[in-house]
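Q: this one's structure only:
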């Protein structure tokens, strides 16, 4: 087997190219993103990743692939997906989605629904610190609103994903914020201030865009009676998440609460409850398969030196602070493309970014902000990332169809590039203004 710190090797990236060609290129050529299942594309790229690795027996290569697939972060995501599926389907069978839709329709006029859901997703994701949790909670509601108002389900799903990535980037309890600040040695509050100056103008612009896009929604619908007891599970889940309760306990508790309310109201019996949970878990099957295969394939890429090669190339010709900041953005963006997990990408890119930042006198809070922004930008737009896959699974649309409406992640990336180009905000850019690491 190869050492833990592999030598740079561009050929290690071939499996990623196989995936991009077999999924994106083939789907674009066919004009239909359902022609090539994403699971098949990952199987092909995984086979290539195992077959092309040198210097070890086939058994050892397969073991390495399984090590990546069974990574603790991957398994944690799988468990969350399982519980999320059980909660979402049980809530739907109990009537929570319809009740929440009726509540929303009774409060917001149709022409601001999209913007309203975006703002709600922003607030919730900042509070709970998890984009996936926000998507699990709001996407079924957004899909129900879409059916009632005539707004595109892909647009409503994109609204939720956009708001979820806003909070993933800014929340103090987000994994990405924690990793970005710790690897760069700065206070969360300083990183937040730097981030806030960059992202808020684009969050406001996104809100305006969603108001305009939602202006054609039907306004003649009549909302049904609001059943408050059926809305209760969503409030409990969100409140528990805000209080910092473990996400798996939140989803498990939400599933139990939905089941008890369903039994109390006669929405289903015990066997109906178990059937709903089973259907929800089975519905996450493709997402779970993709997550496991991606973990294995991407471990092969990392172990064979693919990530080390691209990092070497991106940092070889830095000669200015602006170039250094672009390199930090490029390193974490590429790591995120390879891992499809912004937290893992930050863990990989963080030490490299710190070395670059120190060499070119970039403030730690500035480096942390750039790392977090670009990881969330990439994570929010890749069709094989957990966020888009989850939203697509819950709303019944293609991940690629959602991408055309992801205005906030796109504007976030553009805004961050502009901030690098003009050195904005200046008082949060130079190293002498940086703060010490939190105690």
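A: Arrived safely, thanks for sending. In this text, all values refer to a predicted model and were calculated from it rather than measured experimentally.

Q: what helix or strand is residue 190 on?
A: Assessed by DSSP states H and E, residue 190 sits inside helix 188-213.

Q: So what touches the next helix or strand after that helix?
A: Following helix 188-213 in sequence order, the next helix or strand is helix 228-242 (DSSP H and E). Helix 228-242 is contacted from outside by 87, 91, 94-96, 98-100, 103, 124, 127-128, 130, 133, 137, 141, 247, 249-251, 253-254, 257-258, 261, 264-265, using Cβ atoms under 8 Å, 6 or more residues apart in numbering. (Each C-beta comes from the backbone N, C-alpha and C, glycine too.)

Q: Over to stretch 299-306?
A: With contact meaning Cβ under 8 Å, 6+ apart, stretch 299-306 is reached by 2, 6-13, 15-16, 46, 49-50, 53, 61, 64-65, 67-69, 71, 307, 338, 348.

Q: and if we set it to 6 Å?
A: With contact meaning Cβ atoms under 6 Å, 6 or more residues apart in numbering, stretch 299-306 is reached by 6, 7, 8, 9, 12, 13, 49, 53, 65, 68, 338.

Q: for the worst-scoring helix or strand of the chain on mean pLDDT, packing partners?
A: Here the helix or strand of the chain ranked lowest by mean pLDDT, DSSP states H and E is helix 96-107, holding a mean of 72. Helices and strands touching helix 96-107, as assessed by 3 or more Cβ pairs under 6 Å, 6 or more residues apart in numbering; DSSP states H and E, comprise helix 131-149, helix 228-242.

Q: what angle do it and helix 228-242 make?
A: 90 degrees (axes from the mean of the first three to the mean of the last three Cα atoms, to 10 degrees).

Q: Let me know the angle separating the helix or strand in which residue 177 is found from helix 131-149.
A: Using DSSP H and E, residue 177 sits in helix 175-184. Angle, helix 175-184 to helix 131-149, by the same axes, to 10 degrees: 150 degrees.

Q: Quick check: what element follows the host helix or strand of residue 263 along the chain?
A: Taking DSSP H and E as the criterion, residue 263 maps to helix 247-265. As assigned by DSSP H and E, the chain's next helix or strand after helix 247-265 is helix 270-283.

Q: circling back to that earlier point, and the helix holding residue 177, how far out from the chain middle?
A: 16 Å (Cα atoms, centre = their mean, to the nearest Å).

Q: Quick check: which helices or strands does that helix pack against?
A: helix 342-359, helix 364-379.

Q: Tell me the buried residues in the first one?
A: Meaning helix 342-359. Within helix 342-359, the residues scored as buried using 16 or more other Cβ atoms under 10 Å are 342-350, 352-354, 356-357.

Q: got a list of contacts for it?
A: With Cβ under 6 Å, 6+ apart, helix 342-359 has contacts from 175-176, 179-180, 183-184, 311, 324, 327-328, 331-332, 335-336, 339, 367, 371, 375-376, 379.

Q: Quick check: mean pLDDT of that helix?
A: Helix 342-359 carries an average pLDDT of 80.

Q: Give me the pLDDT for the spatially closest residue to residue 178 that is not a sequence neighbour.
A: In this structure, residue 178 finds its nearest non-sequential neighbour in residue 188, 7.8 Å apart by Cβ to Cβ, 6 or more residues apart in numbering. pLDDT, residue 188: 77.

Q: Roughly how far does residue 188 sit from residue 194?
A: 11 Å (Cβ to Cβ, to the nearest Å).

Q: Which one of the two is surrounded by more residues?
A: Taking neighbours as other Cβ atoms under 10 Å, residue 188 and residue 194 compare with residue 194 leading, 28 against 19.

Q: Test my guess that that one contacts residue 369.
A: Yes. Under the criterion of Cβ atoms under 6 Å, residue 194 makes contact with residue 369 at 4.1 Å.

Q: Nearest the middle, which residue of this protein would you pick?
A: residue 387 (3.8 Å; Cα atoms, centre = their mean).
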